Structure formats: structure tokens, C-alpha cells
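In: Have a look at this prediction, sequence included:
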Amino acid sequence: MPEGDTIRSLADRIGERFRGATVTRSTFRHPKLALADLVGATLASSDAHGKHLLLRWVGGPAGTGTTLHVHLRMDGAIRFDRAVEVPEWRRHVELVFENGMVLTGLDLPAVGMVPTDQESAVLGHLGPDVIGDFDVAEAVDRLCADPDRALAGAVLDQTVMAGFGNEYAIEVPFIGGVSPHQPVGSIRELDQLVMLGADLIRWNAVRSGRNTTGRRIERGDTWIATPRQRRCPICGDLVRREPDTATPWRRRTAWCPTCQPVADTVGVDLGRVRGLLRMHPVRRNRPCWSAP
């Protein structure tokens, strides 16, 4: 499933290509949009909240202030190709613009149209957006509302904070030296982990590839989120892995049992954070990430 940084990057790319352009042909092959028509509408903005994509339109038969709301989940995709070589039944949304550009939504599991001033109808259940106007204190309060909940499951709950995906639910605890199974109510400096996750997601949202290590910075690179990493790069112990069927939050996870033990109470290891961020440009975001 695309994470918050991917959806933010997608929204920015759509805005760069299509903002201000008017639709000359629109085709919707989705039950919820069977009667929708965007011909004559102009894309006013392209935005994201967590993992939700918001395309805002003015003019046309839909009138002023209409939002096309999309959630890609596991299988959906947005393409900018002029001719998408897939069966028509997979093209749930096809928009052709006056400049000849085409935007196609493939296999969209969740898509709908709402008045822009009523976006809260589809977004109101979400927590603060880690890439938007993010309130760390509110996110921590929401996390601690269920203190016995495992860290990874809590941060993946989009009603707690929106945009935190599974790779970050593996990587951020590893960087902080905290187990993904640690109950959130027993973690000191929980706000540090939340800020670390938000900073990494924000940084990756405007770059190519998801990078948490600082190595090969223009490409994706993670500490232990990839199955190829069999041993902990810090201590050399075997990385423990569980499939999505084995975790209460129904997503795969990984951790180092030596570096990330579950305990009655744990603190975020800021020295470890500084060391692991030593090569990563995100360390410049806050003084606490900078190695002394």
C-alpha cells in the first residue's frame, strides 16, 4: 500500500502537470461515479491527507468546488500515459485535458466525488497528517489513548495519525532502539519517535525512493525493512520477522531482538538515533538528530 510520502509526491506531480488545465473528455467506470462528468472542469489543486488523494475542481457541470477523492489501497494506481495498454474495465477514471495530457486511475478500490467544502465527510475520521499541518502533541495523545497497544499497530492506525506506513513502522522503531511490539504507554520520549517518523516521511515525500539510512540517498534504502537484510546491521544478531498473519495489526514486521528488546519501560536511544542518522540529510531538521 502506498504510504503518506508516496501519495504526497503523487499529488505534487499531478499538480505540476495538470493544475490549471481543463478536462475535454471524462470517462468513469466505477459504480459510485457512473453519472459523474468533469468535462469543462479545471483542476484547481491537487492535495493529499495521509494516504488520501484529493483532486479539487472548479467549473464544468459539477460546479465550483468539487473534489475527486481517491484511496489507492493495495492495488490502485494513477498513470499519466497518453495511451494506457490495459483493459478498459480496469480504467476506472480517464481524464483527457485540453493540452492533450491524460490522467488515468487504474483499479481504484475507493473513489468518490464530494463538494470541496465537505471533504471532512471522507477525511474527518483521520488523525493529523504527518506531512501536512502536523501536531505532534495531538498525535502522542491519540497514541496514548490505548497505552497497551503495540507501537507498530498504533502508528499504522490512520485515525491516530495519517500517512504513517508499514516501512516506517519497521524502520523508525529500529532507529530508535524500540521494539515494534512495545506498548506505547511504556515508551519514554514517545514524541521523539513520532517526530522522527514525521521528519523521514516529509523528507522522502519530495525525493525519489524511500530512504531511511542516508546511503545511496537518491534511491530507496532501509535498515531492516527489506527481507534481504538477514542480520542486524548494528549488532549482527538475526533479524526477527513476522508475516502479516502473525501480528495483531495485520501487517508484516521486523526487528532485532538484541537492539529492540521489549521491557516494562523503555526510552528512545537518542545516541543511536544520531548515529544511524549520521549520513542522512534529515538530521539537519532538528538539533536533536545531529550527532555531537
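Out: On my side now, so go ahead.
In: surely residue 200 meets residue 214?
Out: No. Between residue 200 and residue 214 there is no contact under C-beta atoms under 8 Å: 10.6 Å. In this view, the C-beta of every residue, glycine as well, is placed from N, C-alpha and C.
In: Give me the more crowded residue out of the two.
Out: Of the pair residue 200 and residue 214, residue 200 is the one with more neighbours under other C-beta atoms under 10 Å, namely 24 against 15.
In: So that one belongs to a helix, correct?
Out: Yes. Under DSSP: H, G, I helix; E, B strand; the rest coil, residue 200 sits within a helix.
In: mind checking how far it is from residue 273?
Out: The gap separating residue 200 from residue 273 is 11 Å, by C-beta to C-beta, to the nearest Å.
In: in stretch 6-22, what counts as buried?
Out: Residues of stretch 6-22 classed as buried: 6, 7, 8, 9, 10, 11, 14, 15, 18, 21, 22 (neighbour count, 16 or more other C-beta atoms under 10 Å).
In: confidence score at the fifth one?
Out: If I follow you right, that is residue 10. Listed pLDDT for residue 10 reads 89.
In: ok so, going back, now the buried residues of stretch 6-22 in a markdown table, with secondary structure?
Out: Below are these laid out as a markdown table (three-state DSSP):
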| residue | secondary structure |
| --- | --- |
| 6 | helix |
| 7 | helix |
| 8 | helix |
| 9 | helix |
| 10 | helix |
| 11 | helix |
| 14 | helix |
| 15 | helix |
| 18 | helix |
| 21 | coil |
| 22 | strand |
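In: And the pLDDT at the residue of the chain most remote from its centre?
Out: Largest separation from the mean C-alpha position in the chain: residue 61, at 32.3 Å (C-alpha atoms, centre = their mean). Looking at residue 61, its pLDDT stands at 70.
In: any idea what sits nearest it, other than its immediate chain neighbours?
Out: Spatial nearest neighbour of residue 61, chain neighbours left out: residue 37 (4.9 Å); criterion: C-beta to C-beta, 6 or more residues apart in numbering.
In: ok, now residue 32?
Out: Using C-beta to C-beta, 6+ apart, the closest residue to residue 32 is residue 112 (5.2 Å).
In: what does residue 121 give?
Out: Leaving aside its sequence neighbours, residue 121 sits nearest to residue 114 (C-beta to C-beta, 6+ apart; 5.8 Å).
In: repeat for residue 18
Out: residue 43 (4.9 Å).
In: The one you found touches residue 59, doesn't it?
Out: No. If you go by C-beta under 8 Å, residue 43 and residue 59 don't touch, sitting 10.1 Å apart.
In: Low-confidence ranges, the stretch 51-200 of the chain, go.
Out: 62-64, 81-84 (pLDDT under 70).
In: what ranges do the strands span in it?
Out: Taking DSSP state E, counting those that start in this stretch to define them, one finds strands in the stretch 51-200 of the chain at 52-58, 66-71, 77-79, 91-97, 102-106, 110-115, 187-188.
In: what's the closest of those to residue 244?
Out: When those are compared by C-beta to C-beta, strand 66-71 sits nearest residue 244, at 19.0 Å.
In: and that closest one, what other elements does it pack with?
Out: strand 52-58, strand 110-115 (3 or more C-beta pairs under 8 Å, 6 or more residues apart in numbering; DSSP states H and E).
In: Just say which of those is most tucked in.
Out: Burial of those is given as mean neighbour count (mean count of other C-beta atoms under 10 Å); strand 52-58 ranks first at a mean of 22.
In: So what touches it?
Out: With contact meaning C-beta atoms under 8 Å, 6 or more residues apart in numbering, strand 52-58 is reached by 7, 10-11, 14, 38, 41-48, 64-72, 78, 116, 119, 122-123, 126, 162.
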